[in-house]
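A.B. asks: sharing a model that was predicted from the sequence below.
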Amino acid sequence: MPRAPMRPTAKLVCYAAALLLGAGLAGRAEALRCGSRVVDRGTLDVQVLRRCGEPYWRREQVEWIIAGDGTPIERRTERVTEYWFYNFGPRRLLVRLRFIDGVLDEERSFGYGAVSVGGRCDAMALSRGTDEGTLVLRCGPPIRRRATYADQVLRDGFGGVRVQPRVREEWWFNRDDSALFARVILGENGIESVQDVRL
């Protein structure tokens with residue numbers, strides 16, 4: 001017995017669900033393969049270092065978790081989040097690993113890698129919104145770096161508090177497309193502004 005054709009609205013719902021599923025998976029990977037070894041969520045940072053080698057860039061962020069805020073006994077616990085950036089060459093995607101207290105918590109993929117770090121510090125590399133891992137890949141490590149900190153305090157109303165630092169960084173680079181230096185302001189969402197400076 002022949003099946004009835006699918007109604008247009010049902011087709012649309014199926015296409016939309018497939019697109020949403022694909023979009024949800026983009027940027028995330030189930031496991032990172034380093035040679036013949038696999039690292040995935042729950043792997044220790046020392047194991048990742050042994051299997052994948054040294055990342056080309058690292059960033060550390062510290063926050064405080066406070067229990068019993070406003071009570072006679074308050075307990076503060078430091079939570080360290082580290083971001084490691086890996087470049088596996090131009091045929092593979094850049095990878096950012098996030099570790100919480102030394103345990104791999106998340107893996108994110110970005111655009112394609114490069115043959116080497118640095119050497120392409122041009123207008124494209126310095127465009128607004130570029131994340132720090134891509135910026136370092138294209139421009140190399142900054143020649144000067146300075147950070148200012150402000151705290152954001154999140155209270156849950158039950159005596160629990162998270163104190164999160166909000167970092168704003170100033171990085172300086174030699175531009176590869178001009179004789180000028182670039183003064184880059186980085187926030188949580190990547191490059192916020194770029195100023196060309198003649199020294």
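C.D. replies: Done, it's in.

A.B. asks: adjacent strands (with direction) for the longest strand anywhere in the chain?
C.D. replies: Counting residues, the longest strand found in the chain (DSSP state E) is strand 160-174. Paired neighbours of strand 160-174 in the sheet (DSSP bridges): strand 57-67 (antiparallel), strand 144-155 (antiparallel), strand 181-187 (antiparallel).

A.B. asks: let's have those strands in a markdown table, adding distance to Asp122 and mean neighbour count.
C.D. replies: (C-beta placed from N, C-alpha, C; glycine too.) Compiled in a markdown table, these are given as follows (distance: least, Cβ to Cβ, whole Å; neighbours: other Cβ atoms under 10 Å):
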| stretch | distance to Asp122 | mean neighbour count |
| --- | --- | --- |
| strand 57-67 | 19 | 15 |
| strand 144-155 | 19 | 10 |
| strand 181-187 | 10 | 18 |
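
A.B. asks: so what touches the longest strand of the chain?
C.D. replies: Contacting residues not belonging to strand 160-174 are listed as 61-67, 69, 121, 126, 135, 139-140, 142-155, 181-188, 192 [Cβ atoms under 8 Å, 6 or more residues apart in numbering].

A.B. asks: can I get the strands paired with strand 160-174 in TSV including mean pLDDT?
C.D. replies: What follows is those, written out as TSV (pLDDT from 0 to 100):
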stretch	mean pLDDT
strand 57-67	91
strand 144-155	88
strand 181-187	94
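
A.B. asks: can I get those in CSV with distance to Val95?
C.D. replies: Output for the strands paired with strand 160-174, formatted as CSV (distance: least, Cβ to Cβ, whole Å):
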stretch, distance to Val95
strand 57-67, 11
strand 144-155, 23
strand 181-187, 20
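
A.B. asks: for Phe85, which of the ones you listed is the nearest?
C.D. replies: Phe85 sits nearest to strand 57-67 of all the strands paired with strand 160-174, at 4.2 Å, using Cβ to Cβ.

A.B. asks: after that closest one comes which helix or strand?
C.D. replies: Scanning forward in sequence from strand 57-67, with DSSP states H and E defining helices and strands, the next element found is strand 75-86.

A.B. asks: so what's Trp84 closest to, chain neighbours aside?
C.D. replies: With sequence-adjacent residues excluded and distances taken as Cβ to Cβ, 6 or more residues apart in numbering, Trp84 is closest to Pro55, at 3.9 Å.

A.B. asks: burial measure for the one you found, as a count.
C.D. replies: In terms of burial, Pro55 registers 19 neighbours under the definition other Cβ atoms under 10 Å.

A.B. asks: now it: which helix or strand?
C.D. replies: Following DSSP H and E, one finds Pro55 outside all helices and strands.

A.B. asks: can you get me the start-to-end distance on stretch 124-131?
C.D. replies: 12 Å (Cα to Cα, to the nearest Å).

A.B. asks: between the longest strand of the chain and strand 75-86, how big is the angle?
C.D. replies: 30 degrees (axes from the mean of the first three to the mean of the last three Cα atoms, to 10 degrees).
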